Structures are given as C-alpha cells and as structure tokens.
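[1] I'd like to go over a predicted model; first the sequence, then the structure.
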Amino acid sequence: MSEEKKGFFSRLVEGLTKTRNNIASVFDDIFSGFSSIDEDFYEELEEVLVMADIGIHTTEKIIEDLKAKVKENHLKEPSECRDYLIRSIKDQMAVAEDAYDFENKKTVMLIIGVNGVGKTTSVGKLAGQYKNAGKRVLLAAADTFRAGAIEQLAEWSRRAGVDIISGQEGSDPASVVFDAVAAAKARNTDILICDTAGRLHNKKNLMEELKKINRIIDREYADACRETLIVLDGTTGQNALVQAKQFKEAADITGIILTKLDGTAKGGIAIAIQSELGVPVKYIGIGEKLEDLQKFDSESFVDALFQS
C-alpha cells in the first residue's frame, strides 16, 4: 500500500469511527456470545446490520448468503461466521476491474445529485487529481441555477489549474454543456467534467434538464466515453438511497461518489446503495483536501467498518 493510500486508510478508519462504534462491539458480541448458529443468532445479526443503515433488503441478502455459506462449509460455531460475513460484504461491494477505464479514454463526466452534498467540491477534486495524473481536463459550470455555484467551480478550476466553460447565472445549462463539448473537442481534452444543478424539489424540470444535457452530449460527442456519477451525502443514510433512485429515473448512473463519511454514524449506507441500485461506489470522500476523495476500495472500506 502506498504512503498516500495508507494515510487515506487511517483517515477512513478514523472517519468511520461513529459507524464502527455503532456496530463493531455489538457485532463481536454476537459472534462470541452465541453458542450455536440458530434463528436467534441470525435475527440478532440482522438487527445489528439494519442498525448500521445497511437497510432491510440488503441485510436479508447478506444473511441469506451467510446461511448458504454455513451450510456449504458445515460451520458449527458462530465465531466462524464472522469472516464469511465480512467476505460476503466485500465481494458484494467489489468494484469491477474496468470501472475506471474511462480515465484512459476521451470522456464526458456528468456529476449529478441534490444541492449540498458536495457535488461542486467533488468536481474540483476530481479535476485536480486527473490534472495531476497528466490528463487534459476541462470543467463545465452547468449548475446555472444555484447562486454562487459558477464562482465556486471557477475557484476550484483555479486551484486545480484547469480551464472552465461557464455561462451567466440563470442561463440554459444545456447550452453551457454544448459550448463545453465544442471546446473539449477543439482543445483535444481528455476529460470534460460537467457540474449540474441539484434542485430535487423541482424534480420534473431537473430531470428534463438532465435528459436534454444527455441528448446534446449524445449528438455532439457520440464517440466520447460517458460517465455519470451521483454524489450522495453519507450522513443522510437511507435518504441518500431515495435520492439516488429518483435520479436513476432520469440518468444512466454509472457510479456513486459518497461524501462526508468522516462525520457519520451511517457508513453502512454505502453497502445498501450499492446493493439496491446495482451501481458501484467509485469514489469516497472523507474530508476537505484534494486527496480526501479517493477511489473506492471495498477491502479497505469494509475492514474500516468492522475493525473492532
């Protein structure tokens, strides 16, 4: 593990302290406190997983998988189940090997999500990281609705040392994306990252806007690789799942950026979202610095979640 990765993992362990305090000790008590693997054992385990915001549906899947493993491996002791359970969650959350292939192709990224989840900040951090990796990056300020959004993104573009295409506040976001796509092609940009509006209370307009933006990219840059990442706030627990389902109606979501994991007792939501949506968590954020947004690693995450 590189020094940077090590540093991030220790901050992740620290960031998930609240979640871990919520579940780890109870979790361990179950494995050591039961003398046999019976229905009471499974029920108690189910309760702890639901408490960690893993959600009922996902928890049921995890328990079913564990029951199958118990049968298959002729397990008799509850303590033997711990590693199987953790392995099952890690496998479920594993990110496919080709999940980041878009980084090496001409790509248009749409970053979507409600206001206040850390969307613009995530755009800025990704831009900085791709630039540092030697990519030609361009930003599109397509959140023309929220006051200050364009200025905030312009500040991130300065920090990251990348160009930005923007319009006036209140202008048509699709026209900003149209101009940005033209600029990206003309400048031989590797990755175009588009910030978008997040006013979910005006759902119909927002969803139509996203569809219009997608149509423009499809028409104007048909051969670009497409990546649509939804940013979700880890502190909101099951609400994040509700938001993601609504956005999924309007956009073909390819991945999740889960932010604010440094202050939440609801870290288990990452497992629920991945399972319920069938969409991988690709990045997680645990702080304000550029390097505090990292590619998701299911091994590290689940270890940090269940370390006792």
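    That came through fine.

[2] average pLDDT across stretch 196-205?
    Model confidence over stretch 196-205, given as mean pLDDT, is 76.

[3] ditto for stretch 228-236
    Across stretch 228-236, the average pLDDT comes to 90.

[4] which residues touch it?
    109-113, 116-119, 122, 240, 243-244, 247, 251-261, 263-264, 266-267, 269-270, 273, 279, 282-283 (CB atoms under 8 Å, 6 or more residues apart in numbering). Heads up, the C-betas are built off the backbone N, CA and C, glycines and all.

[5] write the ChimeraX selection for whichever of these are buried.
    In ChimeraX, a selection of the buried entries from the contacts of stretch 228-236 looks like this (16 or more other CB atoms under 10 Å):
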select :109,110,111,112,113,117,118,119,122,240,243,244,247,251,253,254,255,256,257,258,259,260,261,264,266,267,269,270,273,279,282,283
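
[6] got the buried residues for stretch 167-186?
    Gly167, Pro173, Ala174, Val176, Val177, Phe178, Ala180, Val181, Ala183, Ala184.

[7] helices - which of the contacts of stretch 228-236 land there?
    Lys119, Ser122, Ala240, Gln243, Ala244, Phe247, Ile269, Ala270, Ile273 (DSSP state H).

[8] domain ranges for this structure, per the record?
    3-93, 101-296 (automatic domain parsing).

[9] tell me how far stretch 59-66 lies from the chain's centre.
    Computed by CA atoms, centre = their mean, to the nearest Å, the chain-centroid distance of stretch 59-66 equals 23 Å.

[10] what's the end-to-end length of stretch 261-281?
    13 Å (CA to CA, to the nearest Å).

[11] mean confidence for it?
    If you average the pLDDT over stretch 261-281, you get 80.

[12] so how far is that stretch off the chain centroid?
    Between the centre of stretch 261-281 and the centre of its host chain there is 8 Å, according to CA atoms, centre = their mean.

[13] can you give me the strands in the stretch 101-250 of the chain?
    Listed in chain order, the strands found in the stretch 101-250 of the chain under DSSP state E, counting those that start in this stretch are 107-112, 137-142, 163-166, 191-196, 225-233.

[14] show me what the first one pairs with in its sheet, parallel or antiparallel.
    Translated: strand 107-112. Sheet pairing of strand 107-112 (DSSP bridges) gives strand 191-196 (parallel), strand 225-233 (parallel).

[15] show me what Ile165 bridges to in the sheet.
    In this entry, Ile165 is beta-bridged to Ala140, by DSSP bridges.

[16] how far away is it from Ile217?
    From Ile165 over to Ile217 the distance is 14 Å, taken as CB to CB, to the nearest Å.

[17] okay, now the unreliable bits of the stretch 51-200 of the chain?
    Confidence mapping of the stretch 51-200 of the chain against pLDDT under 70 gives the ranges 200.

[18] helices of that one, start to end?
    Listed in chain order, the helices found in the stretch 51-200 of the chain under DSSP state H, counting those that start in this stretch are 56-72, 81-93, 119-132, 149-160, 173-186.

[19] export the last one as CSV, just CAs?
    Output of helix 173-186 as CSV, limited to C-alpha atoms (Å, rounded to 0.1, in the frame of the first residue of the first chain):
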residue,chain,number,x,y,z
PRO,A,173,-27.4,24.6,-18.6
ALA,A,174,-27.7,22.6,-21.8
SER,A,175,-26.2,25.5,-23.8
VAL,A,176,-23.2,25.6,-21.4
VAL,A,177,-22.7,21.9,-22.0
PHE,A,178,-23.0,22.4,-25.7
ASP,A,179,-20.2,25.1,-25.6
ALA,A,180,-18.1,22.9,-23.3
VAL,A,181,-18.3,19.9,-25.6
ALA,A,182,-17.3,22.0,-28.6
ALA,A,183,-14.3,23.4,-26.6
ALA,A,184,-13.3,19.9,-25.3
LYS,A,185,-13.2,18.6,-28.9
ALA,A,186,-11.3,21.7,-30.2
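
[20] helices or strands up against it?
    With contacts defined as 3 or more CB pairs under 8 Å, 6 or more residues apart in numbering; DSSP states H and E, helix 173-186 has these neighbours: strand 137-142, strand 163-166, strand 191-196, helix 203-220.

[21] any chance of CSV for these, columns distance to Ile54?
    Listed next are these as CSV, based on distance: least, CB to CB, whole Å:
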stretch, distance to Ile54
strand 137-142, 34
strand 163-166, 39
strand 191-196, 29
helix 203-220, 27
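
[22] out of these, which comes closest to Trp156?
    Distances from Trp156 to each of those were compared using CB to CB; the shortest belongs to strand 137-142, at 7.5 Å.
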